[in-house]
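**Q** Got a predicted structure plus its sequence, pasted below:
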Amino acid sequence: MRKRTYKLLSWIIVFAGFGIAILCFPYLPDRIPMHFSSGVPDNFSPKSAIFLWPLVQLFVFMLGNLKAILPGELRTLLTDSQYRWAILGMLLFILVLEILILTASFHSL
């Protein structure tokens, strides 16, 4: 994957996370589930905690662009393309978690 395509897709995913959180925020209950045991929510947070997920995405993206700080053996473990796919996979995984938490929040109303 080319670096330009990677950065564009990464920003789209990060902005999607923030956009979804901003759009859903007014409709969320005051407390949203943040942890589940056997599919049942067992830990709740204020609704503003929904913004943690896009912030984690942004942190992963920013940290993912610092491949040069990795030790030599870790830097050569993956090709640049594989490394970019791994970061994109993490960003998508976090976006899916955000959507699942929003879904659980709306189903608990």
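**A** Received, thanks.

**Q** For the rest of this, base every contact and every neighbour count on C-alpha atoms.
**A** Will do.

**Q** Show me the shaky parts of the chain.
**A** Applying pLDDT under 70 to the chain picks out residues 74-75, 108-109.

**Q** any idea whether the residue nearest the centre of it is helix, strand or coil?
**A** Centroid-nearest residue in the chain, with C-alpha atoms, centre = their mean: I94, separated by 2.8 Å. When classified by DSSP: H, G, I helix; E, B strand; the rest coil, I94 comes out as helix.

**Q** got the contact list for it?
**A** 53-54, 56-57 (C-alpha atoms under 8 Å, 6 or more residues apart in numbering).

**Q** list the contacts for the nearest residue to S48 once chain neighbours are set aside?
**A** Using C-alpha to C-alpha, 6 or more residues apart in numbering and skipping residues adjacent in sequence, the residue nearest S48 is F25, 7.6 Å away. For F25, the contact set (C-alpha under 8 Å, 6+ apart) comprises 47-48, 50.

**Q** Make a ChimeraX selection of the buried ones in the residues you listed.
**A** The buried residues among those can be selected in ChimeraX (16 or more other C-alpha atoms under 10 Å) with this line:
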select :47,50
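
**Q** what about W11, distance to G19?
**A** Counting by C-alpha to C-alpha, to the nearest Å, the separation of W11 from G19 is 12 Å.

**Q** quick one, helices of this protein?
**A** 3-24, 52-64, 72-75, 80-107 (DSSP state H).

**Q** okay, the ones you listed in CSV with distance to R31 next?
**A** Below are the helices of the chain laid out as CSV (distance: least, C-alpha to C-alpha, whole Å):
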stretch, distance to R31
helix 3-24, 13
helix 52-64, 14
helix 72-75, 41
helix 80-107, 8
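
**Q** Can you say which of these is nearest to S37?
**A** helix 80-107 (13.0 Å; C-alpha to C-alpha).
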